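Enquirer: Pasting the sequence and the predicted coordinates here, then a few questions.
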Amino acid sequence: EAGVAQSPRYKIIEKRQSVAFWCNPISGHATLYWYQQILGQGPKLLIQFQNNGVVDDSQLPKDRFSAERLKGVDSTLKIQPAKLEDSAVYLCASSFQGGGTEAFFGQGTRLTVV
Amino acid sequence: AQKVTQAQTEISVVEKEDVTLDCVYETRDTTYYLFWYKQPPSGELVFLIRRNSFDEQNEISGRYSWNFQKSTSSFNFTITASQVVDSAVYFCASSGGGADGLTFGKGTHLIIQP
């Protein structure tokens, strides 16, 4: 069974530029998550989708971050404009359903904002 | 809301020693779930175990064992006869019984020296 796919693996941009990350979850998984992991910290949930609807985006900085999950499968996370403090690893995860089921993670996208 | 505390930032032991990673959680939910994930240097989070709040049975899987104690709000992880390949950052996480995503602790960096 294929795992969670993310691209790109690495991205370097200048501050105030925009960037987008892509995620393809495990087939059949209804729930998709985007997490931000700053160096030396645990992952922090940015947004959670159930199929193509948003379940929780309370920690998403909506003035600069946006995410969508069209057709309830793939998802993209966008940052515009990027700030230095956005440098982090962005992890996508999926689970069969939310509410306590285990989530499976992709390899992440390491973003460096200079 | 969930909160997870991993007080041990870094642990270093010599190969074949036993090591215990501590995890303390806080929740107001009656139903909740606890998890452990491993993050090797490659960066991908690997699921290890999931426990629900109604199941306090300890679990053993090979050299890994988990001790869940509701009385102390702890979910500790023990590696017996540690190996160099166990070197990684280990995260404890929790979620509520609804559609919650995972709340992670800050992680414990485990170093197994040959």
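Expert: Great, that's in hand. Residues are numbered from 1 along each chain as shown, chains lettered A, B, ... in the order given.
Enquirer: where does chain A dip in pLDDT?
Expert: Applying pLDDT under 70 to chain A flags residues A:1.
Enquirer: mind checking how far the least confident helix or strand in chain B by mean pLDDT is from the chain centre?
Expert: Of the helices and strands making up chain B, the lowest-confidence element is strand B:59-61, at a mean of 89, by mean pLDDT, DSSP states H and E. Centroid separation for strand B:59-61 versus its chain: 13 Å, with C-alpha atoms, centre = their mean, to the nearest Å.
Enquirer: quick check, that strand touching chain A?
Expert: No: contact of strand B:59-61 with chain A (C-beta under 8 Å from any C-beta of the partner chain) is absent, the minimum separation being 13.9 Å. Where C-beta positions appear, they are placed from N, C-alpha and C, glycine not excepted.
Enquirer: so what secondary structure elements neighbour that strand?
Expert: If contacts are counted by 3 or more C-beta pairs under 8 Å, 6 or more residues apart in numbering or on different chains; DSSP states H and E, strand B:59-61 sits against strand B:46-52, strand B:64-69.
Enquirer: can you map out the strands along chain B?
Expert: B:3-5, B:10-14, B:19-21, B:24-26, B:32-39, B:46-52, B:59-61, B:64-69, B:74-79, B:88-96, B:103-104, B:108-113 (DSSP state E).
Enquirer: which of those is buried the deepest?
Expert: Comparing the strands of chain B by mean neighbour count (mean count of other C-beta atoms under 10 Å in any protein chain shown), strand B:88-96 ranks first with a mean of 24.
Enquirer: So what touches that strand?
Expert: Strand B:88-96 is contacted from outside by A:42-43, A:99-100, B:2, B:4, B:6, B:21, B:23, B:25, B:27, B:29, B:31-41, B:45, B:75, B:77, B:101-105, B:107-110, using C-beta atoms under 8 Å, 6 or more residues apart in numbering or on different chains.
Enquirer: Likewise for stretch A:2-22?
Expert: Here stretch A:2-22 makes contact (C-beta under 8 Å, 6+ apart) with A:23-27, A:74-84, A:90-94, A:104-114.
Enquirer: Could I get the contacting residues of residue B:32?
Expert: Shown in contact with residue B:32 (C-beta under 8 Å, 6+ apart): A:100, B:2, B:25, B:52-53, B:94-97.
Enquirer: Show me the beta-bridge partners of residue B:94.
Expert: With DSSP bridges as the criterion, the beta-bridge partners of residue B:94 are residue B:34, residue B:103.
Enquirer: I misspoke; the intended subject was residue A:47.
Expert: Assessed by DSSP bridges, residue A:47 has beta-bridge partners residue A:34.
Enquirer: Correct me if wrong: it contacts residue A:53.
Expert: No: using C-beta atoms under 8 Å, residue A:47 is not in contact with residue A:53; the gap is 11.2 Å.
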